[in-house]
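*Asks:* can't give you the sequence, but here's the structure:
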């Protein structure tokens, strides 16, 4: 396994992130525990979750599954860089979500209880909260860090402007601020290249892409629909109908390189500046094994250029849309 520092911190994390979104709703607890055990066997130490995950079977259910895995002992917690999130509405009562100081305090304690641990390594804001001032957010996070309940703070789904707001407010408080940003980023959706990636690099944030396969569209969707192993509907079907030639060419290129389409999509992300590691949320052990193999793939410049031809990206702003 390859490791890197998370942004400008001294924290070493694997270049594959185990996403746990499917644990509970799609993947049984036993299978979830087996996937986490296998992650450690493969050297993966970076696990990502959220307080709101598992909502279809019960809010907080995914954190509880992870907590019971930690409780098995064997150094499981010590070997894990644990990332979770706050923002989602956990109750139907006022202050049950978003980023007020009250909800941050309550959510940290609730996550710690569900996860059966005494600290969260990376506590991420799942979304920007425009109604809460940054001084309030950072004061709450400073208290959590001072209490030892949180070590680092990250963001998710922030625009470049939001990252700037957050970091400048933290700087005035002499606080470390954000160390990471989770954004949707893949060969199909490359919007973050305009402003989010430049902002993250400027402030020393590690970028953690989510949905690296764009809901499976980059995971061999043409072959799977043709052999009957997958059926499409809604937006996915519309996208495939509109971009069938592009996706077919991509899958052929992956075969030419000797990789699966999903492995190639993950490997491409690992070659992008500022990217720490993509998050893969497997439903099965097979999906997880395939995702981890991407860490060992090395793409030459010709391959990277071909992927840019197939899926054109963006320049940084303002050059992307101006002279």
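*Replies:* Received it, and whenever you're ready, just let me know what you need. Keep in mind that what you see is a predicted model, and the values were worked out from it rather than measured.
*Asks:* all strands of the stretch 151-300 of the chain, in order?
*Replies:* Counting by DSSP state E, counting those that start in this stretch, the stretch 151-300 of the chain forms strands over residues 178-184, 206-210, 279-280, given from the N-terminal end onward.
*Asks:* other SSEs contacting the last one?
*Replies:* Okay, so that is strand 279-280. Taking 3 or more CB pairs under 8 Å, 6 or more residues apart in numbering; DSSP states H and E as contact, the helices and strands that strand 279-280 lies on are strand 17-19, strand 206-210, helix 285-293. Every residue, glycine included, has its C-beta placed from N, CA and C.
*Asks:* ok now the last one, how far from the chain's centre?
*Replies:* So that's helix 285-293. Shown here is helix 285-293, whose average C-alpha point lies 16 Å from the average C-alpha point of the whole chain (CA atoms, centre = their mean, to the nearest Å).
*Asks:* Now do the helices in the stretch 151-300 of the chain.
*Replies:* 160-172, 196-203, 221-226, 234-242, 244-257, 261-270, 285-293 (DSSP state H, counting those that start in this stretch).
*Asks:* Let me have those in TSV, extended by mean neighbour count and distance to residue 310.
*Replies:* Putting the helices of the stretch 151-300 of the chain into TSV (neighbours: other CB atoms under 10 Å; distance: least, CB to CB, whole Å) gives the following:
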stretch	mean neighbour count	distance to residue 310
helix 160-172	17	26
helix 196-203	21	20
helix 221-226	18	13
helix 234-242	12	14
helix 244-257	16	5
helix 261-270	24	10
helix 285-293	18	21
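*Asks:* Rebuild the strands of the stretch 151-300 of the chain as CSV, extending it with mean pLDDT and distance to residue 322.
*Replies:* Below are these laid out as CSV (pLDDT from 0 to 100; distance: least, CB to CB, whole Å):
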stretch, mean pLDDT, distance to residue 322
strand 178-184, 98, 23
strand 206-210, 97, 24
strand 279-280, 95, 33
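*Asks:* picking that back up, distance to residue 40 added to the helices of the stretch 151-300 of the chain, as a markdown table?
*Replies:* Compiled in a markdown table, the helices of the stretch 151-300 of the chain are given as follows (distance: least, CB to CB, whole Å):
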| stretch | distance to residue 40 |
| --- | --- |
| helix 160-172 | 32 |
| helix 196-203 | 28 |
| helix 221-226 | 30 |
| helix 234-242 | 33 |
| helix 244-257 | 29 |
| helix 261-270 | 20 |
| helix 285-293 | 12 |
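*Asks:* Those: which one's closest to residue 71?
*Replies:* Proximity to residue 71 (CB to CB) singles out helix 285-293 among the helices of the stretch 151-300 of the chain, at 21.7 Å.
*Asks:* Pull the residues that contact that closest one.
*Replies:* 1, 16, 18, 31, 34-35, 38-39, 42, 44, 260, 262-263, 266, 280, 282 (CB atoms under 8 Å, 6 or more residues apart in numbering).
*Asks:* Just among those residues, which is most surrounded?
*Replies:* Highest neighbour count within the contacts of helix 285-293, by other CB atoms under 10 Å: residue 266, with 30 neighbours.
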